[in-house]
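S.K.: Generate a structure from the sequence data that follows.
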Amino acid sequence: MAGDKEQQQEEGSAALHLVVFPWLAFGHLIPFLELSKRLAARGHSVTFVSTPRNIARLPPVKVDHVRMVALPLPAVDGLPEGAESTADLPPEKVELLKAAFDGLAAPFEEFLAAACSGGEDQAGPFARRPDWIVLDFAHYWLCPIAEKHQVPCAMFLIFTATATAYMGPRQENMSHPRITPEDFMPMPRWFPSPPFLAFRRHEAAPVAAASELNASGISDTDRIWRAEERCRLLVVRSSPEAEPRVFPLLADLFRKPVLPAGLLCPRSTAAAVTMVLYGGLTGSRHGAYSPRGSSSPASASSGRSGLPPCCRRGWSSAWPGAAWRGPWTGWVPQVRVLAHGAVGAFLTHCGWGSTAEGLFGFGHPLVMLPFVADQGLIARMMAERGVGVEVARREEDGWFGREDVAAAVRRVMVGEEGKALALNARRTGEEVVGDDGCRQERYVDELVECFRRHS
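M.R.: Next comes the predicted model:
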């Protein structure tokens, strides 16, 4: 009996092998990689699956026990050669990327069969058959493959817990159908929430469109539901400190364990490479500016607000290259920029990763310009917390001008309102992350224990 108990304890503490497979967008690849590094730092083996070009563009992984597995992306008519992520495409071509992504089902099954039979690196840390597959919203075809090989799945949602509740499971959506953009503007009936937490009409329209079939043959909404229904666990990139009202509702709503992974802010100031907002705002993509002339909020806020684009209150020339020459249009180390002492506010699209880095990670007040997905909800949440100001936009179509951006920048950067926003942002970051970051790290420990219990 004593020997059996010792064996059970030893098996319970054994290192896990997790296969991690994000959707082909850097806003997904980066947090999946951050989660992978944290799991590996705890002694677990992580197989990170993506396509060759995406793997080549990711930051180098400087921890042991993470290996990269590249699955070649199938060709699809109309998809440009070499396009392997949403960053390589205009929005109207992304549905073709999803069609190509679905073609990874066969090579993934071949990989998983080898991994489960001991055909993969039998002498190394990946000799153990996978204990879990951690997948993204798009992988509706993966769970049947995993079930065939008796590997449980967990869905990792990089969105807020609020957006997860807003999406809801299939059964709630069938009971309370939403069809028109107006239906999608308020939070749903199953999620009681304050009136301020709502989409504008121009934000709700693409959310409603996610329920429509696209070139991949399946809607985004159906992708999410079909994957969620067959996953044992849901994991959300958030924490109760960041979203205190929501987490108690999620397990009852989805009828399965729903765990926070923490915010997963990069530990190193050079760890994450993110496309800066300034480079993403062109007339062809968002319709708010002409691609000629001053085509970004950065240049607008610099020229119209009277403030440099990256500045502290009481601006000095300490910022490297302080002579502003216009918007940067490539890739930048966003976390390193946010860590610089010259930054007094963060002009952001309110993606959850950028919000976590800018506000919770560094305590910067926010100038908020949301566009798609859950960004509008995040902007409302942050405005309610008194940590940022949203750029004024026309209700019916979301149009805004450079004066609107400049006005929001001035509100955040100068005067008594700016001081209050800066103080609130700093306090909010301290409350959510804590002085040493350990508060967020414990969620990864709890996630590992849940993987052990439910495997």
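S.K.: And the helices in the stretch 1-150 of the chain?
M.R.: 2-12, 26-41, 52-57, 94-102, 105-117, 142-148 (DSSP state H, counting those that start in this stretch).
S.K.: So for residue 431, which of the ones you listed sits nearest?
M.R.: helix 26-41 (21.3 Å; Cβ to Cβ). All C-beta atoms are positioned from the backbone trio N, CA, C, and that covers glycine.
S.K.: which strands and helices sit next to that closest one?
M.R.: The contact analysis (3 or more Cβ pairs under 8 Å, 6 or more residues apart in numbering; DSSP states H and E) places helix 26-41 against strand 17-21, strand 45-50, helix 52-57, strand 66-70, strand 153-157, strand 274-275, helix 352-355, helix 438-454.
S.K.: The second one pairs with which strands?
M.R.: Which is strand 45-50. strand 17-21 (parallel), strand 66-70 (parallel) (DSSP bridges).
S.K.: so residue 340, which of the three states?
M.R.: Per DSSP: H, G, I helix; E, B strand; the rest coil, the local secondary structure of residue 340 is coil.
S.K.: And it, what's its pLDDT?
M.R.: According to the per-residue confidence, residue 340 scores 83 in pLDDT.
S.K.: ditto for residue 293
M.R.: Taking residue 293 on its own, its pLDDT is 26.
S.K.: residue boundaries of the strands in this structure?
M.R.: Using DSSP state E, the strands of the chain run over 17-21, 45-50, 66-70, 132-135, 153-157, 233-236, 258-260, 274-275, 331-332, 346-348, 366-368, 388-390.
S.K.: Distance check, residue 91 against residue 25.
M.R.: Separation of residue 91 from residue 25 (Cβ to Cβ, to the nearest Å): 12 Å.
S.K.: Those two: which is more packed in?
M.R.: Legend: neighbour count by other Cβ atoms under 10 Å for residue 91 and residue 25, higher for residue 25 (18 against 12).
S.K.: Tell me, what's the model's pLDDT at that one?
M.R.: 95.
S.K.: Residue 84 is in contact with that one, correct?
M.R.: No - with contact defined as Cβ atoms under 8 Å, residue 25 does not count as touching residue 84 (10.3 Å).
S.K.: So, low pLDDT: which residues of the chain?
M.R.: Along the chain, segments meeting pLDDT under 70 span 1-13, 119-123, 267-332, 435-437.
S.K.: just the helices of the stretch 1-150 of the chain: most buried one?
M.R.: helix 26-41 (a mean of 23; mean count of other Cβ atoms under 10 Å).
S.K.: Just the C-alphas of that one, formatted as CSV.
M.R.: The C-alpha trace of helix 26-41 is given here as CSV (Å, rounded to 0.1, in the frame of the first residue of the first chain):
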residue,chain,number,x,y,z
PHE,A,26,0.9,37.2,-34.1
GLY,A,27,-1.6,38.4,-31.6
HIS,A,28,-2.2,34.7,-30.9
LEU,A,29,1.3,33.3,-31.5
ILE,A,30,2.9,35.6,-28.9
PRO,A,31,0.7,34.8,-25.9
PHE,A,32,0.7,31.1,-26.8
LEU,A,33,4.5,31.3,-26.8
GLU,A,34,4.5,33.1,-23.5
LEU,A,35,2.4,30.4,-22.0
SER,A,36,4.7,27.8,-23.5
LYS,A,37,7.8,29.4,-21.9
ARG,A,38,6.2,29.5,-18.5
LEU,A,39,5.1,25.9,-18.7
ALA,A,40,8.6,24.9,-19.8
ALA,A,41,10.2,27.0,-17.0
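S.K.: how far is it from where the chain is centred?
M.R.: 11 Å (Cα atoms, centre = their mean, to the nearest Å).
S.K.: got the CA coordinates for stretch 133-151 in PDB?
M.R.: Extracted C-alpha coordinates of stretch 133-151, given in PDB (Å, rounded to 0.1, in the frame of the first residue of the first chain):
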ATOM      1  CA  ILE A 133      -3.300  19.700 -26.600                       C
ATOM      2  CA  VAL A 134      -3.800  23.400 -26.000                       C
ATOM      3  CA  LEU A 135      -5.600  24.800 -29.000                       C
ATOM      4  CA  ASP A 136      -7.100  28.100 -30.300                       C
ATOM      5  CA  PHE A 137     -10.500  29.200 -31.500                       C
ATOM      6  CA  ALA A 138     -10.000  28.100 -35.100                       C
ATOM      7  CA  HIS A 139      -9.300  24.400 -34.600                       C
ATOM      8  CA  TYR A 140     -12.700  22.900 -34.900                       C
ATOM      9  CA  TRP A 141     -11.200  19.900 -36.700                       C
ATOM     10  CA  LEU A 142      -8.500  19.100 -34.100                       C
ATOM     11  CA  CYS A 143     -10.500  17.600 -31.200                       C
ATOM     12  CA  PRO A 144     -11.700  14.600 -33.200                       C
ATOM     13  CA  ILE A 145      -8.100  13.800 -34.100                       C
ATOM     14  CA  ALA A 146      -7.100  14.200 -30.400                       C
ATOM     15  CA  GLU A 147      -9.900  11.900 -29.200                       C
ATOM     16  CA  LYS A 148      -8.800   9.300 -31.700                       C
ATOM     17  CA  HIS A 149      -5.400   9.200 -30.000                       C
ATOM     18  CA  GLN A 150      -6.900   9.700 -26.500                       C
ATOM     19  CA  VAL A 151      -5.300  13.100 -25.800                       C
END
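S.K.: so how far is that stretch from its chain's centroid?
M.R.: Counting by Cα atoms, centre = their mean, stretch 133-151 comes out at 20 Å from the chain centroid.
S.K.: Please apply the same query to stretch 72-83.
M.R.: 24 Å.
S.K.: so how far does that stretch reach from one end to the other?
M.R.: Across its full length, stretch 72-83 reaches 11 Å between end residues, using Cα to Cα, to the nearest Å.
S.K.: List the buried residues for it?
M.R.: 73, 76, 79, 83 (16 or more other Cβ atoms under 10 Å).
S.K.: What is the nearest of these to residue 452?
M.R.: Nearest member of those to residue 452, counting by Cβ to Cβ, is residue 73, at 33.7 Å.
S.K.: which residue packs closest to that closest one, ignoring adjacent ones?
M.R.: residue 51 (4.6 Å; Cβ to Cβ, 6 or more residues apart in numbering).
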